[in-house]
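**Student:** missing the sequence, but the structure's below:
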Ligand code: ATP
């Protein structure tokens, strides 16, 4: 019987469990013996693998986090660490690995594939920062978590007639701020992909005040600048006090949305089918709602594009 290993790596994301469930059950369906690896690449190095059956992944489709645990492995970044991982897989006669994670994890997947292990990646990160795919697992849930926070902050922001700067995660990608900001009716959105000036934001705040607007919600993607620095400059521009809310790790947790559970389930099945079909090491993605399979090096060479539609929409609607 062919053997397959599944691991989650890097930052956790809601929907990782649903992806593991799909990979395990699809693997069993296609007559694989499936092993769950604990703590990402670290577990490969330490031999922390456990044979899973259909019941091992029961009752997890709706849960945030990852029951396999996740980790960042310094050891796997070294040739010695990777050799240990490959020796472990070879000794167990496992020839295919499904890696669920973000861009760093996929660099690890690429390194593993260079050692002759068939490696298939499933994108799971709240950052949505992978250019080869429209969406990553966990992003939709994180957008909804941020949206809930924006809704709550809007109430208090209006009551106190204050500008509120909400800092959201996303590393160098502004998608989380952009999508949650557009859906939440934020007045301003600052993302790393688009230059901004304090003067234009100040002007927008003044325009809002002059037509009786009580609040100004400014969504700030963490990769676009320091909230404290922007607050200081904005206060000196407008002469008004403002508040900062840093949402932090609440954005990484929570039960996955229906959309993330479906995406994870579809990608999990696709990944196993790629293994079964003997596909070269690749990453599963989604474009225009169709699943895609792209070779790892090609997928990682793509540059993220922003067509500017949501930014434009916010500029027009948040007058
Ligand atoms: P997130 O986007 O949510 O942070 P990620 O997958 O990008 O998730 P990283 O911490 O960047 O998270 O990477 C996870 C792990 O992947 C690292 O701890 C390391 O073990 C492995 N990894 C990253 N880059 C490489 C590389 N160049 N070679 C080998 N392994 C790597």
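**Tutor:** Received it, and whenever you're ready, just let me know what you need. Bear in mind that the values here come from a model prediction, so they are computed numbers and not experimental data. Residues are numbered from 1 along each chain as shown.

**Student:** quick one: secondary structure of the nearest residue to residue 133 once chain neighbours are set aside?
**Tutor:** Among residues not flanking residue 133 along the chain, residue 285 sits closest, at 3.2 Å (Cβ to Cβ, 6 or more residues apart in numbering). Heads up, the C-betas are built off the backbone N, CA and C, glycines and all. The local conformation at residue 285, judged by DSSP: H, G, I helix; E, B strand; the rest coil, is strand.

**Student:** Ok, residue 51 next?
**Tutor:** Classified using three-state DSSP, residue 51 is strand.

**Student:** so the spatially closest residue to it that is not a sequence neighbour bridges to which residues?
**Tutor:** Counting by Cβ to Cβ, 6+ apart, residue 51 lies nearest to residue 35, which is 5.6 Å off, once chain neighbours are set aside. With DSSP bridges as the criterion, residue 35 is bridged to residue 5, residue 51.

**Student:** got a list of what residue 35 touches?
**Tutor:** 3-6, 49-52, 92, 94 (Cβ atoms under 8 Å, 6 or more residues apart in numbering).

**Student:** which of these has the most neighbours?
**Tutor:** For those, the largest number of neighbours (other Cβ atoms under 10 Å) sits with residue 6, at 29 neighbours.

**Student:** so who does that residue touch?
**Tutor:** By Cβ under 8 Å, 6+ apart, the contact set of residue 6 is 20, 23-24, 27, 34-37, 52, 68, 97-98, 100.

**Student:** what do you get if the cut-off is 7 Å, keeping everything else the same?
**Tutor:** By Cβ atoms under 7 Å, 6 or more residues apart in numbering, residue 6 lies in contact with 20, 23-24, 34, 36-37, 98.

**Student:** of all the residues in the stretch 51-200 of the chain, which ones are close to the ligand?
**Tutor:** Residues of the stretch 51-200 of the chain lying near the ligand by Cβ under 6 Å from any ligand atom: 72-73, 76-77, 101-105, 107-108, 111, 125, 127.

**Student:** Make TSV from these and add neighbour count, distance to residue 176 and secondary structure to it.
**Tutor:** Output for those, formatted as TSV (neighbours: other Cβ atoms under 10 Å; distance: Cβ to Cβ, whole Å; DSSP: H, G, I helix; E, B strand; the rest coil):
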residue	neighbour count	distance to residue 176	secondary structure
72	17	20	coil
73	23	25	coil
76	23	27	helix
77	14	27	helix
101	30	17	strand
102	23	13	coil
103	20	15	helix
104	15	18	helix
105	27	19	helix
107	15	22	helix
108	26	23	helix
111	20	28	helix
125	28	10	coil
127	26	7	coil
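
**Student:** tell me which of those is nearest to residue 303?
**Tutor:** residue 103 (12.4 Å; Cβ to Cβ).

**Student:** For that closest one, which non-adjacent residue is closest in space?
**Tutor:** Using Cβ to Cβ, 6+ apart, the nearest residue to residue 103 is residue 130, at 5.9 Å.

**Student:** what about the one you found, neighbour count?
**Tutor:** Counted with other Cβ under 10 Å, residue 130 comes out at 24.

**Student:** any idea whether it is helix, strand or coil?
**Tutor:** In three-state terms, and counting by three-state DSSP, residue 130 is coil.
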